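> next input, structure requested:
(2 chains)
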2 protein chains.
Amino acid sequence: MSRLTEHRLASEIVYNGKILTVRHDRVRLPDGREATRDVVGHPGAVAVVPITATGEIVLVRQYRYPVAKELLEVPAGKLDKGEQPEDCARRELEEETGYRAGRLEHLATFYTAPGFTDEIMHLYLARDLSPTAQNTDGDEFIDIEYYTASQVKKLLADKEIIDAKTIIGLLMAGLGR
Amino acid sequence: MSRLTEHRLASEIVYNGKILTVRHDRVRLPDGREATRDVVGHPGAVAVVPITATGEIVLVRQYRYPVAKELLEVPAGKLDKGEQPEDCARRELEEETGYRAGRLEHLATFYTAPGFTDEIMHLYLARDLSPTAQNTDGDEFIDIEYYTASQVKKLLADKEIIDAKTIIGLLMAGLGR
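Here you go, the predicted model:
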């Protein structure tokens, strides 16, 4: 334990939702004083940058209720209980886009917003795509769109991609400029 | 309104914390059916990539209670009520690192996790730094660390930077490889 660590003194679950759990904790700070911390518990997620044989990038457009906007994103989804991130990446890619990944390469694993949630995101690059059937969740409405590398570079330069995991995925796939 | 839009039917605040608000909403899906959505309301935040005159990158190490780990991040912080993102970026940079930014360049604005929160993050590059005095919030314990560009490239390549806004900031500052 380092001298920056905050120690839990008490923990109360203040909301237990279908996906999210919210805890209100009391902690001991490094200088001995006390403070409170609200934490959003999340099951973790994956995101996938799918690139076709002709070099096109497959993105999904969907309405994001929390921000009340349609966003253009890489395919992504939450981990099922006990599911391995790579299995989840293959499953979500197939469900959302109808493509099966021949090759999956791990790009990064990161926390999306570690100031208030434990959500961890595993990010992959998918190649050697073969078509299957799109099969979204019952409450997901998704459009599939194809972009060339130069179109993606322009979208990034024009600041039209405004989803964190999508920016990271496209930059890490070498589509920055 | 597009055909992907979800319409709010009812909204209930299930938790009202110091920083976060959690809503449980009932929505009308594009196909007419109903679903529920849990949304974490957040005030929004800024992050800054500070680069010194000698080309060193200033990072902060702090314990992140939600993920129970020390993370190496770019300086960042929440927007005060009514505060402009650029003012917040200057304030947080000064509070966390003790540097005043001579020049501030907007790199990106993005949603950190639009599947469940409205948190928006404004990201800047700061140059022409002049020293003032570090002045953190009462419950923040932060170490300041300096890295050369090649050290940052190695940290990214080794997947040792695991905070989303920090990855985006460093990649957008041209420190990818």
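
> what's the closest non-adjacent residue to A:P30?
Among residues not flanking A:P30 along the chain, B:F141 sits closest, at 4.8 Å (Cβ to Cβ, 6 or more residues apart in numbering or on different chains). Bear in mind the C-beta positions are built from the backbone N, C-alpha and C, glycine included.

> what about that neighbour, neighbour count?
For B:F141, the count of nearby residues is 18 (other Cβ atoms under 10 Å in any protein chain shown).

> what's the answer for A:D80, then?
11.

> from chain B, how far off is it?
From A:D80 across to chain B, the span is 15 Å (Cβ to the nearest Cβ, to the nearest Å).

> which secondary structure state is assigned to the closest residue to that residue other than its chain neighbours?
Leaving aside its sequence neighbours, A:D80 sits nearest to A:C88 (Cβ to Cβ, 6+ apart; 6.7 Å). Counting by DSSP: H, G, I helix; E, B strand; the rest coil, the backbone at A:C88 sits in helix.

> likewise the one 5 residues further on?
Remark: A:L93 carries the secondary structure label helix [criterion: three-state DSSP].

> show the contacting residues for it.
Counting by Cβ atoms under 8 Å, 6 or more residues apart in numbering or on different chains, A:L93 makes contact with A:48, A:50, A:75, A:99-101, A:126.

> want to throw these into a markdown table with secondary structure and distance to chain B?
Shown next, in a markdown table, are these (DSSP: H, G, I helix; E, B strand; the rest coil; distance: Cβ to the nearest Cβ, whole Å):
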| residue | secondary structure | distance to chain B |
| --- | --- | --- |
| A:V48 | strand | 15 |
| A:P50 | strand | 19 |
| A:P75 | coil | 12 |
| A:Y99 | strand | 21 |
| A:R100 | strand | 24 |
| A:A101 | strand | 20 |
| A:A126 | strand | 18 |
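
> who wins for neighbours among those?
Scoring those on neighbours with other Cβ under 10 Å, the highest-scoring entry is A:V48 at 29 neighbours.

> what bridges to that residue?
Taking DSSP bridges, one finds A:Y124 as the beta-bridge partners of A:V48.

> for the residue nearest to A:G77 when sequence neighbours are not counted, the count of nearby residues, please.
With Cβ to Cβ, 6+ apart as the criterion, A:G77 has its nearest non-adjacent residue at 3.7 Å, and that residue is A:E92. By other Cβ under 10 Å, the residues close to A:E92 number 23.

> quick one: A:E92 from A:Y99, how far?
11 Å (Cβ to Cβ, to the nearest Å).

> and chain A, what are its domains?
Using automatic domain parsing, the domain ranges for chain A come out as A:7-41, A:45-172.

> can you give me the helices in chain A?
With helices called from DSSP state H, chain A shows them at A:85-97, A:149-157, A:164-172.

> around the nearest residue to A:T52 once chain neighbours are set aside, how many other residues sit close by?
Distances taken as Cβ to Cβ, 6+ apart put A:L129 closest to A:T52, at 5.5 Å, once the chain neighbours are dropped. The number of residues packed near A:L129 is 21, by other Cβ under 10 Å.

> looks like A:L129 contacts A:G55 (just checking).
No. Between A:L129 and A:G55 there is no contact under Cβ atoms under 8 Å: 11.5 Å.

> before we move on, the earlier item: OK, contacts around the residue nearest to A:T52?
A:50-53, A:58, A:99-102 are the contacts of A:L129 under Cβ under 8 Å, 6+ apart.

> could you rerun that using 6 Å?
For A:L129, the contact set (Cβ atoms under 6 Å, 6 or more residues apart in numbering or on different chains) comprises A:50, A:52, A:99.

> same check on A:K154?
By Cβ under 6 Å, 6+ apart, A:K154 has no neighbours at all.

> roughly how far apart are A:L9 and chain B?
Taken as Cβ to the nearest Cβ, the span from A:L9 to chain B is 12 Å.

> could you check the pLDDT of that residue?
As summarised for this prediction, A:L9 has a pLDDT of 97.

> just A:R3 next, same as before
Looking at A:R3, its pLDDT stands at 83.

> and A:G55, how many residues sit next to it?
By other Cβ under 10 Å, neighbour count at A:G55 equals 9.

> no further questions, thank you.
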